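Here is my input; please provide its structure:
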Amino acid sequence: MRGLVPWDVDRRLQIFLEEDLGFDDITTQGLGDLSLKPVRARIIAREKGIMSGGPFAIRLFNLIDPQVKEKIHIEEGEAFKNGDCVMEVVGQTRAILMGERVALNLLQRLCGIATKTREFVEVVKGLPVKIADTRKTSPGLRIFEKYAVRCGGGVNHRLGLYDCALIKDNHISICGSVKNAIQRVRPAIPFTARIVVECENLKQVSEAIEEKADVIMLDNMNTKQIREAVKMIDKRSIVEASGGVNLETVREIAEQGVDIISTGYITHHAIWLDLNLEVEEVADVL
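Numbers count the residues shown, from 1 in each chain. The predicted structure follows:
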């Protein structure tokens, strides 16, 4: 996925560890020699869901101690049920306990997003439409949360303000019209960048068509308006629907013929899944 550069992922994971560890884990350090005992940690699901974040959890432990070994039982994007062991790691007690909370926090969050995304994907199954995320993500977690969306079967919208021009209502208000906004933005951006225009009514859709917008986003339109807009656009642009999207409305929106449905629901309504880490002593680190 775009944005998942190994060195950058490591930098972000280091920040997560620093937030929790500070200078040291004083409790585990207080165990003395016992903190060096080898243990196996099994991460167990306490409810069903979709797996996401395993590679990041493993990397967190490896940043603490490169000698930590792992075994993945549930691959990314695969379903698990209550009681399944999704993955296990083997290493010294100190390394496992120092990374436990951060690894679980990230796993629980990403599995929750992947699971919620999969729910949306299943509701529109059989229709030629894709479920996309938005920029409504947790600060500092965007690349990870967007990764989770892909694990759930969704697709990524723009990563940030830098990789796509999205002309929104405030841009249009400042410029006076969709036409003026597109004409100002187009010569100012790289020719490789797409222009997405957020349209609230059919007049704006008409202007976006005239100015050859790459993607026309139908914002908070009812199904009748969406259907009319799709006919107007007539495959000259990618059609995206956004606003008012939830599990009850997404199928009906998809049936109007749009190409993409973007929704922040899959990130800001996703609930952490219940995962637990159980430790047992082993003879040696493999």
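
Now do the domain split for this protein, please.
The record assigns the chain these domain ranges, following automatic domain parsing: 6-114+271-281, 121-268.

and the longest one, how far from the chain's centre?
What that stands for is domain 121-268. Computed by C-alpha atoms, centre = their mean, to the nearest Å, the chain-centroid distance of domain 121-268 equals 17 Å.

Mean neighbour count and mean pLDDT for the domains of the chain - can I get that in TSV?
All C-beta atoms are positioned from the backbone trio N, CA, C, and that covers glycine. As requested, the domains of the chain are exported to TSV (neighbours: other C-beta atoms under 10 Å; pLDDT from 0 to 100):
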stretch	mean neighbour count	mean pLDDT
domain 6-114+271-281	18	97
domain 121-268	18	98
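
Can you name the residues that contact residue 37?
Taking C-beta atoms under 8 Å, 6 or more residues apart in numbering as the definition of contact, the neighbours of residue 37 are 92, 93, 281.

I figured the first one was touching residue 35, is that so?
Spelled out, it's residue 92. Yes - with contact defined as C-beta atoms under 8 Å, residue 92 reaches residue 35; the gap is 7.0 Å.

and residue 166, that one's in a helix?
No - with the criterion set as DSSP: H, G, I helix; E, B strand; the rest coil, the secondary structure at residue 166 is strand rather than a helix.

Any figure for the gap between it and residue 65?
43 Å (C-beta to C-beta, to the nearest Å).

what about residue 117, helix or strand, and which?
Following DSSP states H and E, the helix or strand that holds residue 117 is helix 93-123.

now do residue 87
Here residue 87, judged by DSSP H and E, is contained in strand 85-92.

what angle sits between that strand and helix 93-123?
Put simply, strand 85-92 runs at 160 degrees to helix 93-123, going by axes from the mean of the first three to the mean of the last three C-alpha atoms, to 10 degrees.

who does strand 85-92 touch, helix- and strand-wise?
strand 38-45, helix 54-64, strand 69-72 (3 or more C-beta pairs under 8 Å, 6 or more residues apart in numbering; DSSP states H and E).

Check which helices and strands the first one is in contact with.
So the one you mean is strand 38-45. Checking 3+ C-beta pairs under 8 Å, 6+ apart, strand 38-45 ends up next to strand 85-92, helix 93-123, strand 275-281.

Distance from the chain centre to the second one, please.
The one in question is helix 93-123. Helix 93-123 has its C-alpha centroid displaced from the chain centroid by 11 Å (C-alpha atoms, centre = their mean).

So what touches the helix or strand following it?
The element immediately downstream of helix 93-123 (helix or strand, assigned by DSSP H and E) is strand 130-132. Contacts made with strand 130-132 from outside it, assessed by C-beta under 8 Å, 6+ apart, are listed as 117, 120-121, 124, 149, 153-157, 240, 250, 259-263, 266.

ok, residues contacting the helix or strand just after strand 130-132?
Secondary structure here is assigned by DSSP H and E; on that basis, the next helix or strand after strand 130-132 toward the C-terminus is helix 142-151. Surrounding helix 142-151, the residues in contact under the criterion C-beta under 8 Å, 6+ apart are 1, 3-4, 8-9, 12, 50-53, 56, 76-77, 106, 109-114, 117, 132-133, 135, 137-138, 155-156, 159-160, 266-267.

Quickly note the distance from residue 250 to residue 264.
When distance is defined by C-beta to C-beta, residue 250 is 13 Å away from residue 264.

quick one: the helices in the stretch 151-286 of the chain?
Under the criterion DSSP state H, counting those that start in this stretch, helices of the stretch 151-286 of the chain are mapped to 169-175, 178-185, 202-210, 223-233, 250-254, 265-268.

From the contact counts, what lies against the shortest one?
Contacting helix 265-268 under the criterion 3+ C-beta pairs under 8 Å, 6+ apart are the following elements: helix 93-123, helix 142-151.

on that earlier part again, nearest to residue 61, of the helices of the stretch 151-286 of the chain?
Judged by C-beta to C-beta, the one of the helices of the stretch 151-286 of the chain that comes nearest to residue 61 is helix 265-268, at 25.6 Å.

May I have the distance across stretch 237-257, first residue to last?
Start and end residues of stretch 237-257 are separated by 13 Å (C-alpha to C-alpha, to the nearest Å).

can the helices and strands packed on strand 38-45 go into TSV with extra columns for distance to residue 234?
Below are the helices and strands packed on strand 38-45 laid out as TSV (distance: least, C-beta to C-beta, whole Å):
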stretch	distance to residue 234
strand 85-92	46
helix 93-123	27
strand 275-281	47
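
Show me the one of these that comes nearest residue 192.
Distance to residue 192, taken as C-beta to C-beta, is lowest for helix 93-123 among these, at 27.6 Å.
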